[in-house]
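Enquirer: From the sequence below, what's the structure:
(one chain, ligands or ions: 2)
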Amino acid sequence: MPIKNICCLGAGYVGGPTCSVIALKCPEIKVTVVDLSKDRIAQWNSDKLPIYEPGLDDVVKSCRGKNLFFSSDITSAILEADLIFISVNTPTKAFGNGKGRAADLKYVEGAARIIADVSKSDKIVVEKSTVPVRAAESISNILIANQRPGVAYQILSNPEFLAEGSAINDLLYADRVLIGGEDTPAGRAAIEELSSVYQHWIPKTNIVTMNTWSSELSKLAANAMLAQRISSINSLSAVCEATGADVSEVARAVGLDSRIGSKFLQASVGFGGSCFQKDILNLVYICESLNLPEVAKYWQQVIDINEYQKTRFTTKIIESCFNTLSGKNICIFGFAFKKNTGDTRESPSIFVAKTLLDEGASIRIYDPKVEQNQIYEDLANSVICTPPEEWRPRVSVHSDPYSCSEGCHAIVICTEWDEFINLDYQKIYSEMMKPAYVFDGRKIVDHQALLKIGFHVQTIGMRL
Ligand code: UDX
Ligand code: ADP
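Expert: Ligands and ions are numbered 1, 2, ... in the order given. So this is what the prediction gives:
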């Protein structure tokens with residue numbers, strides 16, 4: 001039976017773009033994306049989508065109201081669907097057993113319970129959220145324990161590999177699609193049905209099928225290895241600064257080795273985003289639970305180096321500013337965890353802002369896509385030593401980079417937005433306090449040109 005009706009639980013960074021692309025490529029399939037948040041659904045149905053993602057507006061506009069729907073009516077969407085994606089959030093647990101490391105599966109569990117409560121016909125349930133290995137088993141247990149007579153479920157794992165900022169491209173031209181399922185006739189049939197959805201635009205050879213646990217672990221493994229590359233180059237950036245080598249030259253030389261390759265070797269203030277840290281922490285937690293402490297320690301180091309890199313960067317700022325930021329204005333360019341997204345989850349900017357505030361600085365923030373409320377919320381949620389009434393007056397959010405940097409002692413570049421490359425730095429310099437500093441945490445601006453203007457410049461992985 002070909003799939004005719006898809007429902008997706010969770011209209012976030014994963015569910016929204018993924019289902020929009022499925023709707024675009026499968027015009028005969030009705031795709032309904034639902035969410036507990038009515039506000040989020042209202043935004044998906046408006047002209048201003050809740051997430052910024054290059055190319056997404058066009059895809060949504062071309063399908064919305066035809067075969068792509070955003071709705072708060074979760075029950076109807078589940079009832080109608082042959083196949084249900086679970087794309088709900090899986091944050092790191094904030095309390096209890098595994099606090100700070102294990103994934104909190106309460107939303108996944110909630111989604112499974114709604115499906116079990118509502119379903120009156122057979123369903124293929126596809127786990128798409130990033131989940132720890134064996135989450136499919138938990139979903140399956142909940143569904144089977146609450147199953148109505150005559151309703152059968154097949155649980156598949158189909159991890160998402162889209163990166164924010166390039167999600168539409170990643171979905172349209174995926175390197176591979178993984179589908180994990182049970183090695184039984186019904187399991188193989190469900191894999192085949194999901195595969196046929198992707199075959200509308202992904203060559204069959206790029207659709208890889210495997211057992212559920214391999215599929216779940218592959219997602220964690222891919223993210224852990226990508227993050228490991230960044231931590232590796234970041235660890236070497238410290239060596240470069242100590243020796244006079246240039247990390248960009250090292251990365252280029254290393255990346256030309258075809259066995260290594262050139263991607264994900266861009267040294268930075270540290271990686272952020274909703275996946276890397278969470279997935280590695282998950283992996284570490286799983287290894288500890290499996291009594292594999294050496295493996296757990298090995299992966300923990302990838303996180304530790306990331307923390308070290310962020311701290312190294314802020315320490316450099318503080319030391320350069322004569323070891324005191326009290327009473328100084330610091331301008332932060334970029335609050336998103338990378339360019340081309342408004343997402344700030346685990347963004348290194350939060351750490352930088354928090355550390356500077358704790359040092360007594362006043363900070364002025366500019367990001368082209370992050371809303372002011374989000375910035376205040378992120379700062380309030382991060383552990384700032386001083387009470388909110390004390391730090392809040394020391395934070396302002398600006399809508400353009402020139403007003404943001406005016407009167408500041410230093411500019412700290414935290415996100416690699418293209419627009420930061422070609423700003424009129426001469427004009428910016430003339431409006432800043434002297435000596436004026438630029439700390440480039442992304443290695444994106446022309447350092448020699450800034451030095452010529454008169455800035456003191458520091459960056460990652462090279463001495464200037
Ligand atoms: C990542 C994975 O790439 C994606 O496949 C997975 O499905 C979800 O997690 P995402 O977090 O959206 O995607 O962004 P990514 O492009 O991987 O960047 C993550 C972080 O690493 C960002 O903060 C980025 O700035 C940083 N980074 C990336 C570097 O510091 N250096 C690099 O060379 C590459
Ligand atoms: P991701 O980056 O993984 O997509 P997001 O936080 O952007 O994560 O999106 C997850 C969405 O899932 C949120 O909008 C949240 O409201 C929604 N959600 C959580 N639980 C459920 C549920 N049981 N049914 C429908 N939507 C849910």
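
Enquirer: got a list of what the residue of the chain found nearest ligand 2 touches?
Expert: In the chain, the residue that lies nearest ligand 2 is residue 12 (1.9 Å; C-beta to the nearest ligand atom). Placement of C-beta: from N, CA and C, glycine included. Residue 12 is in contact with 35, 40, 51, 87, 88, 89, counting by C-beta atoms under 8 Å, 6 or more residues apart in numbering.

Enquirer: Can you name the two of those that sit furthest apart?
Expert: 51 and 88 (15.2 Å; C-beta to C-beta).

Enquirer: So these two - more neighbours on which side?
Expert: Using other C-beta atoms under 10 Å as the criterion, residue 51 and residue 88 rank with residue 88 on top: 26 against 19.

Enquirer: What pLDDT does the model give residue 388?
Expert: On the pLDDT scale, residue 388 is placed at 81.

Enquirer: residues touching it, list them.
Expert: Contacts of residue 388 by C-beta under 8 Å, 6+ apart are residue 380.

Enquirer: Report the separation between it and residue 397.
Expert: Distance of residue 388 to residue 397, given as C-beta to C-beta, to the nearest Å: 15 Å.

Enquirer: what about residue 204, how many residues close to it?
Expert: Counted with other C-beta under 10 Å, residue 204 comes out at 10.

Enquirer: Repeat that for residue 371.
Expert: With other C-beta under 10 Å as criterion, residue 371 counts 13.

Enquirer: That one and residue 397, how far apart?
Expert: Counting by C-beta to C-beta - residue 371 and residue 397 are separated by 9 Å.

Enquirer: ditto for residue 360
Expert: For residue 360 relative to residue 397 (C-beta to C-beta), the value is 19 Å.

Enquirer: and those two? which has more neighbours close in?
Expert: residue 397 (19 against 14).

Enquirer: Who does the more buried one form a beta bridge with?
Expert: Here residue 397 sits in beta bridges with residue 365, going by DSSP bridges.

Enquirer: Contacts only, for it.
Expert: 364, 365, 366, 372, 375, 376.

Enquirer: With adjacent residues omitted, what lies nearest to the fourth one?
Expert: Taking C-beta to C-beta, 6 or more residues apart in numbering, and ignoring the residues beside it in sequence, residue 372 has residue 397 as its nearest neighbour in space, at 4.3 Å.

Enquirer: any idea of the pLDDT on that neighbour?
Expert: 98.

Enquirer: and it, how far is that from ligand 1?
Expert: For residue 397, the distance to ligand 1 equals 20 Å [C-beta to the nearest ligand atom, to the nearest Å].

Enquirer: Would you map the strands across the stretch 251-400 of the chain?
Expert: Using DSSP state E, counting those that start in this stretch, the strands of the stretch 251-400 of the chain run over 329-333, 362-366, 395-398.

Enquirer: Let's have those strands in CSV, adding distance to residue 206.
Expert: Shown next, in CSV, are these (distance: least, C-beta to C-beta, whole Å):
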stretch, distance to residue 206
strand 329-333, 38
strand 362-366, 40
strand 395-398, 43
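
Enquirer: Determine which stretch of those is the most buried.
Expert: When the strands of the stretch 251-400 of the chain are scored by mean count of other C-beta atoms under 10 Å, the highest mean neighbour count falls to strand 329-333 (a mean of 27).

Enquirer: Just checking: what are the partner strands of that one?
Expert: Strand 329-333 has these strand partners (DSSP bridges): strand 362-366 (parallel), strand 410-413 (parallel).

Enquirer: distance between stretch 99-117 and the chain's centre?
Expert: 19 Å (C-alpha atoms, centre = their mean, to the nearest Å).

Enquirer: Show me which positions of the longest helix anywhere in the chain end up buried.
Expert: Using DSSP state H to define each element, the chain has its longest helix at helix 212-243. In terms of neighbour count (16 or more other C-beta atoms under 10 Å), helix 212-243 has its buried residues at 212, 215-220, 222-224, 226-238, 240-241.

Enquirer: Would you mind naming what in the stretch 201-350 of the chain lies close to ligand 2?
Expert: Within the stretch 201-350 of the chain, the residues that sit near ligand 2 (C-beta under 6 Å from any ligand atom) are residue 274.

Enquirer: Would you mind naming what in the stretch 301-450 of the chain lies close to ligand 1?
Expert: 337, 338.

Enquirer: where do the helices sit along the stretch 301-450 of the chain?
Expert: Taking DSSP state H, counting those that start in this stretch, the helices of the stretch 301-450 of the chain run over residues 348-358, 372-381, 388-391, 401-405, 425-430, 447-453.

Enquirer: Residues touching the fifth one, excluding its own?
Expert: Judged by C-beta under 8 Å, 6+ apart, the contacts made with helix 425-430 from elsewhere in the structure are 401, 402, 405, 411, 436, 438, 445, 449, 450, 453, 454, 455.

Enquirer: Among the residues you listed, which one is most surrounded by other residues?
Expert: Most neighbours among the contacts of helix 425-430, by other C-beta under 10 Å: residue 411, with 29 neighbours.

Enquirer: Quickly list what that one is bridged to.
Expert: Beta-bridge partners, per DSSP bridges, of residue 411: residue 331, residue 438.

Enquirer: how far away is it from ligand 1?
Expert: 18 Å.

Enquirer: residues in contact with that residue?
Expert: 330, 331, 332, 333, 405, 428, 432, 436, 437, 438, 439.

Enquirer: hang on, the last one packs against residue 317?
Expert: Spelled out, it's residue 439. Yes: using C-beta atoms under 8 Å, residue 439 is in contact with residue 317, at 5.2 Å.

Enquirer: what about these two, which has more around it?
Expert: With neighbours defined as other C-beta under 10 Å, residue 439 and residue 317 compare such that residue 439 has more, 25 against 21.

Enquirer: could you list every residue that touches the more buried one?
Expert: 313, 316, 317, 320, 410, 411, 412, 413, 457, 458, 459.

Enquirer: Hmm, residue 464 is touching residue 451, no?
Expert: Yes: between residue 464 and residue 451 a contact is recorded at 6.6 Å, counting by C-beta under 8 Å.

Enquirer: Need the residues touching each of the two.
Expert: Once C-beta under 8 Å, 6+ apart is applied, the residues that residue 464 and residue 451 both contact turn out to be residue 457.
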